[in-house]
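**Q** sequence and predicted model, in that order:
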Amino acid sequence: MSNYAQDGFMVVDNVLSPGLLAEVRAEATSICRGDRGAIEGVELAGPVQSDTAVLRKYLCVHFPHKISKLLYDVAVLPKIAGVLTGVIGPNVKMMQSMLFIKAEGKPGQAWHQDETHIPTRDQSLTAVWIALDDATVENGCLWVLPGSHRRKFLYPDREQHDARFDCTKEAHGFTDEDAIPVELEAGSALVFDGHLLHRSLPNTGKHGMRRAYVTHYMSADSLLPWFPPGPGDSMGTVDHRDIVMVAGEDPYAFKGITDVMRPHVRPAGEGGCVR
Ligand SMILES: O=C(O)CCC(=O)C(=O)O
C-alpha cells in the first residue's frame, strides 16, 4: 500500500467494472478501425482485417475522448473524480487522453515526468493510467521511481536512441536503482503525480497485449500554458481551454471552452517515433 504524498502514486482497484472494461476494450478496437470518426494516422480498416491485426498497427492514439463518448464518460467517472478531488482539490479539469495499445514487440517510453510535457502553472498535474489488460513486467507495465516527485523538480531531458523505447526524450540526472514495476489487474488504475519519474519497457509478447487508457488532470483554479493558441492568446502561452470539467467549479468558465486538439496516432519524430 503506497502513501500518495510520500510516494507520488497509488493504485485504485476496480475503477472499471468487468462489464465496462469489456466495453472499453471493444471501443478501443472500434477506434483503431476508424469506426468512431477520423483520426489522423488511422486508416479505415475493412471487414477483412482481423481485430488483432488492426490493433497491432498502433502504439498510441492521442485524444480519443474527442471522438468516443464512452472514453469521455470513463474520463469523468465519479470514482475517478472522487480520487482526484482528494489529490488535487475541489475543482478539477482534464486536458488530455491517450489510448495505448502496445501489442507484442512494441516499445516502451523512456524515463520522463508528465509535467515536462504538460506544464501546469501550479504543478497539480495528475495522471490516471487505467489498465485494460493485466499489466505485467512482461507486457510492459509502468515502472515508477517512488518519491521522485517530492522536490517538484523537472529533470532535464534529451534525445535517446535506446531501441527499447519510442523516441520520447529521456530525463536524466538521477539514479533509477530504486525503481519498481507497478503490475496492475485489468480495470484497476495507477494514479500518479505529474512530477513522478516513470517509464515503461517493451512488450515482450509473453503476456499478450497491454492496452491502457491514460487521462491527465489538474486543478481548474490554475492556468495551463499549453499549446496550441486559444482565443486572445496568439502564442498559446497563457491558458489552454480545450478542457473537460471533472469536478467542482471552473473559475475561468467566462473564457469558454475551445475544441482544438485533434485525435491522432502518436507521430513519428517529435518525441514520439515508433520504432
Ligand atoms: O503506457 C505507457 O507505456 C507509457 C505511458 C506514459 O508514460 C504516460 O502516460 O506518461
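**A** Looks like it arrived, so ask away. Numbering: from 1, shown residues only.
**Q** the nearest residue to Leu190 once chain neighbours are set aside: how many residues sit nearby?
**A** Nearest residue to Leu190, sequence neighbours excluded (Cβ to Cβ, 6 or more residues apart in numbering): Trp129, at 4.5 Å. Every residue, glycine included, has its C-beta placed from N, CA and C. Neighbours of Trp129 under the rule other Cβ atoms under 10 Å: 25.
**Q** which element follows the helix or strand hosting Trp129 toward the C-terminus?
**A** For Trp129, the host element (DSSP states H and E) is strand 126-131. Counting by DSSP H and E, the element after strand 126-131 in chain order, helix or strand, is strand 142-144.
**Q** for the strand holding Trp129, give me every contacting residue.
**A** The contact list for strand 126-131, computed with Cβ atoms under 8 Å, 6 or more residues apart in numbering, reads 15-16, 74, 80, 83-84, 87-88, 114, 141-142, 184-194, 210-218.
**Q** tell me the spacing between the residue nearest to Leu190 and the ligand.
**A** 6 Å (Cβ to the nearest ligand atom, to the nearest Å).
**Q** and what of Ala135?
**A** 8 Å.
**Q** so who does the residue lying closest to that residue once chain neighbours are set aside touch?
**A** Of all residues not flanking Ala135 in the chain, Cys141 sits nearest, at 3.8 Å (Cβ to Cβ, 6+ apart). Residues near Cys141 by Cβ under 8 Å, 6+ apart: 131, 135, 181-184, 200, 210.
**Q** check Arg211 too.
**A** The neighbours of Arg211, taking Cβ under 8 Å, 6+ apart as the test, are 25, 28, 55, 99-102, 131-133.
**Q** residues near Ala163, how many?
**A** With other Cβ under 10 Å as criterion, Ala163 counts 8.
**Q** which residues in the stretch 1-150 of the chain form strands?
**A** Here the stretch 1-150 of the chain has its strands, by DSSP state E, counting those that start in this stretch, at 9-12, 60-62, 92-100, 126-131, 142-144.
**Q** nearest to Gly205, out of those?
**A** Closest to Gly205 of the strands of the stretch 1-150 of the chain, according to Cβ to Cβ: strand 92-100, at 15.7 Å.
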